[in-house]
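> sequence unavailable; structure follows:
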């Protein structure tokens, strides 16, 4: 059975995915399936999380990397492998290579988060930092492959990679046989393509919805054009799906078998990450939370039971800190207000008293006295407040107005 739309492209079949599943026995974990009561109530149907964030190396990438490297000829293994990645693929290649006794070299951008660089080294790879963006890193890795004979392990554009990722789809059908919709994040397309091959062959009635960040959405344009199209300067906090061009092999599969590709905003991505952390007690990176973002964005448009595939949990702690602040702001948990006061003793204390009664926690206060817009006796005060949600934000605003304050913005 062929799922390729072009005769010249390699084919990926259900048998390939089943073969990959046998190969991964004892290597990749069968990750947990967890229910989400909050999202189930929001969607109006059962919602489950497929927790690939709990996979070895923290993402699904180990599956495809292991299958690809295990399939190399002896002389290819002897030459070693090389990859380029900012994080998840790097760690998957490093661990897979170590398990198979193959030398690995991984090129990473110079600005890659230190925890990801350290983890890749700990899994056994030689890490080389090169380039400011992944495209530069990718070029360096391919040049290294040409010079040394090492086999380049592409993160998504190879049938073995797709077959390995497709084993997630087989597990979903085993763990949730009643599933009606699977929601999966899309970067280059390897995971979505693999899941689609496995699921559609066994359950063609299951709807598969791909999700991209709005700032890095190459697939909608490519699907409209009927061919992979590049976008310039993809921008999103979800670096795991920040890919400027679909892979040729996965594109043909996604085009034929994935029912729909949606986009989500940065606000929904950060809110989804916060929800996973607070409600499900799961650490999920922004790319891994993209299916949850889609559910939050349009909850009434999914037929249940729904499985949201949490593809990874490798998030830099500093980025996590910023994203959580962004997510709390998006969900009404932070409030920034600017007001003008008479510059006299006790004015700030009176304002803080109003906020205390309104039960708003003051995180930061800043004063401006030199703006030419201000009167001689005026001071502008900017307050950052911790609140309890949108309703509480509205209550704080009412309390300030009733106390005679004018909120500037």
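Cool, got the structure. Predicted model, so just to flag it, every value in this text is computed and none were measured.
> how about the closest residue to residue 195 other than its chain neighbours, secondary structure?
If the residues on either side of it in the chain are set aside, residue 195 comes closest to residue 169, at 3.8 Å by Cβ to Cβ, 6 or more residues apart in numbering. (Each C-beta comes from the backbone N, C-alpha and C, glycine too.) Per DSSP: H, G, I helix; E, B strand; the rest coil, the local secondary structure of residue 169 is helix.
> next one, pLDDT for residue 169 please.
Here, the pLDDT recorded for residue 169 equals 98.
> any low-confidence regions in the chain?
Low-confidence segments of the chain, defined by pLDDT under 70: 1-8, 133, 327, 369, 371-372, 374-376, 409.
> quick one, what contacts the most centrally placed residue in it?
Residue closest to the average C-alpha location in the chain (Cα atoms, centre = their mean): residue 287, at 0.4 Å. Residue 287 is in contact with 185, 187, 213, 238-242, 311-312, counting by Cβ atoms under 8 Å, 6 or more residues apart in numbering.
> which residues does the residue nearest to residue 195 contact?
Residue 169 sits in contact with 17, 182, 194-199, where contact means Cβ under 8 Å, 6+ apart.
> hmm, back to that, save the contacts of residue 287 as JSON lines, and put in secondary structure and distance to residue 125 too.
Below are those laid out as JSON lines (DSSP: H, G, I helix; E, B strand; the rest coil; distance: Cβ to Cβ, whole Å):
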{"residue": "185", "secondary structure": "strand", "distance to residue 125": "25"}
{"residue": "187", "secondary structure": "coil", "distance to residue 125": "21"}
{"residue": "213", "secondary structure": "strand", "distance to residue 125": "28"}
{"residue": "238", "secondary structure": "coil", "distance to residue 125": "24"}
{"residue": "239", "secondary structure": "helix", "distance to residue 125": "19"}
{"residue": "240", "secondary structure": "helix", "distance to residue 125": "18"}
{"residue": "241", "secondary structure": "helix", "distance to residue 125": "23"}
{"residue": "242", "secondary structure": "coil", "distance to residue 125": "22"}
{"residue": "311", "secondary structure": "coil", "distance to residue 125": "21"}
{"residue": "312", "secondary structure": "strand", "distance to residue 125": "18"}
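> format those as TSV; extra columns: distance to residue 158 and neighbour count.
Supplementary listing: the contacts of residue 287 in TSV, determined by distance: Cβ to Cβ, whole Å; neighbours: other Cβ atoms under 10 Å:
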residue	distance to residue 158	neighbour count
185	19	30
187	15	30
213	24	29
238	23	28
239	21	25
240	18	27
241	18	29
242	20	21
311	18	32
312	19	30
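> between these, which sits nearest residue 154?
Distance to residue 154 across those (Cβ to Cβ) is lowest for residue 187, with 12.4 Å.
> that closest one contacts residue 134, doesn't it?
No - applying Cβ atoms under 8 Å as the test, residue 187 and residue 134 come out as separate, 10.8 Å apart.
> wait, residue 102 touches residue 72, no?
Yes - here residue 102 lies in contact with residue 72, judged by Cβ under 8 Å, at a distance of 7.5 Å.
> find residues that contact each of these two.
By Cβ under 8 Å, 6+ apart, residue 102 and residue 72 have these common neighbours: residue 81.
> the more surrounded of those two?
Taking neighbours as other Cβ atoms under 10 Å, residue 102 and residue 72 compare with residue 102 leading, 22 against 18.
> contacting residues around the residue nearest to the more buried one when sequence neighbours are not counted?
Using Cβ to Cβ, 6+ apart and skipping residues adjacent in sequence, the residue nearest residue 102 is residue 77, 5.0 Å away. With contact taken as Cβ under 8 Å, 6+ apart, residue 77 is in contact with 69, 100-102.
> from the chain's centre, how far out does the strand or helix carrying residue 89 sit?
Using DSSP states H and E, residue 89 sits within helix 88-100. Once both centres are worked out by Cα atoms, centre = their mean, to the nearest Å, helix 88-100 turns out to sit 20 Å from its chain's centre.
> which residues are in contact with that helix?
27, 56-59, 61-66, 68-70, 77, 81, 83, 85, 103-104, 106, 108, 116, 119-121, 123-125, 127, 153, 155, 240, 312, 314.
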